[in-house]
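Asker: No letters, just coordinates:
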């Protein structure tokens, strides 16, 4: 009699925890957005998009990934940081995405001028 071993591998698609932003950020401050999952088989791949364009690291943006989360750091926040950010997570079983609007508050600049009357 022949015996066969059968192994079943169940893969679970990722499920993003809703992203919440605690406050409005100002130019010059530090800011971040965290995308984490409550479920999903490893390995998970995270990608960030701003206004439908992939976010890439530069002098002011840092992306830190862990097995279950991705952190997007802004250091410092500038006028170009505002936008609609989407976190996309995928694995062999599927994909999930979540979007959040990141608002940057600009302090008003007051221009002082004097009129000299003769």
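Answerer: Structure received. Note that the structure is predicted; figures quoted are calculated from it, not measured. Residues are numbered from 1 along each chain as shown.

Asker: CA only for contacts and neighbour counts going forward, please
Answerer: Noted.

Asker: Specify the beta-bridge partners of residue 50.
Answerer: Beta-bridge pairing for residue 50 (DSSP bridges): residue 53, residue 85.

Asker: could we number from 22 for the rest of this?
Answerer: Will do, 22 is the new start, and the previous item becomes residue 71.

Asker: so who does it touch?
Answerer: 104-107 (CA atoms under 8 Å, 6 or more residues apart in numbering).

Asker: Same question for residue 62.
Answerer: With the criterion set at CA under 8 Å, 6+ apart, residue 62 makes contact with 32-35, 112, 114.

Asker: Take the residues you listed and keep only those in helices.
Answerer: Among the contacts of residue 62, DSSP state H puts none in helices.

Asker: What is the nearest of those to residue 60?
Answerer: residue 35 (5.4 Å; CA to CA).

Asker: so who does the nearest residue to that closest one once chain neighbours are set aside touch?
Answerer: Distance criterion CA to CA, 6 or more residues apart in numbering; nearest residue to residue 35, sequence neighbours excluded, is residue 61 at 3.9 Å. When contacts are counted by CA under 8 Å, 6+ apart, residue 61 touches 32-36, 112.
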